[in-house]
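In: I'd like to go over a predicted model; first the sequence, then the structure.
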Amino acid sequence: MGLARNGATRPDANLGLVGESTALQTVRDALCKFAGFDMPVLITGETGTGKDVAASVLHARSVRRSGPLVTVNCGALPANLVQSELFGHERGAFTGAAGRKIGRIEAADGGTVFLDEIGDMPVEAQVNLLRFLQERTIERVGGTHSIHVNARVIAATHVDLPRAVREGRFREDLYYRLNVLHVHLPALRERSGDAQILARHFLDAFRRQHSTRARKFSAAALKAIGEYAWPGNVRELINRVHRAAVTADRRLLDPAHLGLGRDRAAATSLRAARVQADRETIAETLRDSGHNMSECARRLNISRNSLYRLCKRHGLRKGGLALPWGLSGLPLDPLPAVPEWLAACCDVARQAACVLGG
């Protein structure tokens, strides 16, 4: 794969990011553009969207690609060891410090340090990180002199950092130091058509490494993949595909292998229950209001036109009579607004007709 000037990739490069959606192409364009600029990058997105992959792309296509890429999971660091892990320590700096230790940032000298889940970093450690971003120097715990470190910083988080700043959980000055270049990774549900492409990709990759009977997805499975919301994003998709490939005893994977059959059935049952509840509520209110459409709409806090549409949708009839105005033949689009005086007259006329008709 060729590199453009400043180490950036060509805009048409795939970058190892699988998918064809417009949302993903926007990410590729940003990564191509930002890779060649030796500046901090903030990557945001939900958990499981591939922020670590984006960071690897930025490093691999940068002028620092021959240097180390050091990843730090800020959310996994013990609170009492954050400073030591990030900046290192000198011998005797604290109990148990038997020797000098190089911190993660210093280990990234000449390359890139990737601060994953930066939003979970304790506020006290944020101060020293800010100093490094401003001065390119660190000081080991227990040390007495500054150490210059030449490393690019890429940070990632699923946390809403502007909100964290407002709530005092994240330093505002650090946020602006990190948010020089920004890449937002879309959720999988926002990447139209990519879930099926990714599922095939992960199944093929799994088959190349393991012996499995599974070969491809059924049409129903692909439909289920496309309809599922994927709250765990790409990470959840990988897990479901791998589990299906291991447990399946046939070549064709169906929704049940992916664990999507029950989810879809539950969703369908929930929708059916809601529809039935709506129908019963409307029918009961109609009876209680003496089948007066204006009164029924008032009690339901909806317009008369909406009530007519709902009655049509749920197959409800007034006191055994068909809905007025030939509504049964109308589509479910909004009806023209009816003046209140005309609506009242129509109600009176219909009630009189019901009485005269016995």
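Out: Sure, I can see it.
In: use CA for all of it now, contacts and neighbours both
Out: Noted.
In: tell me the phi and psi of the residue lying closest to Ala229 once chain neighbours are set aside?
Out: Leaving aside its chain neighbours, Ala229 sits nearest to Arg189 (5.5 Å; criterion: Cα to Cα, 6 or more residues apart in numbering). Backbone torsions for Arg189, taken as degrees, to the nearest 10, come to phi -70, psi -20.
In: quick one: contacts for Arg189?
Out: Taking Cα atoms under 8 Å, 6 or more residues apart in numbering, we find Arg189 in contact with 195, 228-230, 233.
In: could you turn the buried ones of those into a ChimeraX selection?
Out: Restricted to buried positions by 16 or more other Cα atoms under 10 Å, the ChimeraX selection for the contacts of Arg189 reads:
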select :195,230,233
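In: can you redo the contacts of Arg189 as CSV with distance to Val241?
Out: CSV is the format used below for those (distance: Cα to Cα, whole Å):
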residue, distance to Val241
Ala195, 11
Tyr228, 14
Ala229, 15
Trp230, 13
Asn233, 13
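In: just the strands in the chain please.
Out: For the chain, applying DSSP state E gives strands covering 41-44, 69-73, 112-116, 137-138, 147-148, 152-157, 181-184, 216-217, 252-253.
In: can you give me the domain assignment for this structure?
Out: 5-186, 190-259, 262-356 (automatic domain parsing).
In: is it possible to export those domains to TSV including mean pLDDT?
Out: Below are the domains of the chain laid out as TSV (pLDDT from 0 to 100):
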stretch	mean pLDDT
domain 5-186	88
domain 190-259	94
domain 262-356	63
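In: most packed of the strands of the chain?
Out: Of all those, strand 112-116 carries the top mean neighbour count, a mean of 26, counting by mean count of other Cα atoms under 10 Å.
In: which other residues reach it?
Out: So strand 112-116 is contacted by 52, 55, 59, 64, 67-75, 104-105, 151-157 (Cα under 8 Å, 6+ apart).
In: so what are the sheet partners of it and their directions?
Out: Under the criterion DSSP bridges, strand 112-116 sits next to strand 69-73 (parallel), strand 152-157 (parallel) in its sheet.
In: turn these into TSV, including distance to Gly290.
Out: As requested, these are exported to TSV (distance: least, Cα to Cα, whole Å):
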stretch	distance to Gly290
strand 69-73	65
strand 152-157	58
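In: quick one, which of those strands gets closest to Gly259.
Out: strand 152-157 (28.7 Å; Cα to Cα).
In: ok, and what's touching that closest one?
Out: Residues outside strand 152-157 that contact it (Cα under 8 Å, 6+ apart): 38-46, 51-52, 55, 111-119, 178.
In: one more pass at 7 Å, please.
Out: With contact meaning Cα atoms under 7 Å, 6 or more residues apart in numbering, strand 152-157 is reached by 38-45, 51, 55, 111-119.
In: for Tyr176, the count of nearby residues, please.
Out: 11 (other Cα atoms under 10 Å).
In: and the gap between it and Val72?
Out: 20 Å (Cα to Cα, to the nearest Å).
In: quick one, helices of the stretch 101-250 of the chain?
Out: Using DSSP state H, counting those that start in this stretch, the helices found in the stretch 101-250 of the chain span residues 104-107, 123-135, 161-166, 172-178, 194-209, 219-227, 233-247.
In: now for the first one, which elements pack on it?
Out: For helix 104-107, the packing partners by 3 or more Cα pairs under 7 Å, 6 or more residues apart in numbering; DSSP states H and E come out as helix 82-87.
In: using PDB, list the CA coordinates for the helix it packs on.
Out: Taking Å, rounded to 0.1, in the frame of the first residue of the first chain, the C-alpha atoms of helix 82-87 are listed here in PDB:
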ATOM      1  CA  VAL A  82      -1.600   5.300  37.400                       C
ATOM      2  CA  GLN A  83       1.300   7.800  37.800                       C
ATOM      3  CA  SER A  84       3.900   5.000  37.900                       C
ATOM      4  CA  GLU A  85       2.400   3.200  34.900                       C
ATOM      5  CA  LEU A  86       2.200   6.300  32.800                       C
ATOM      6  CA  PHE A  87       5.400   8.100  33.800                       C
END
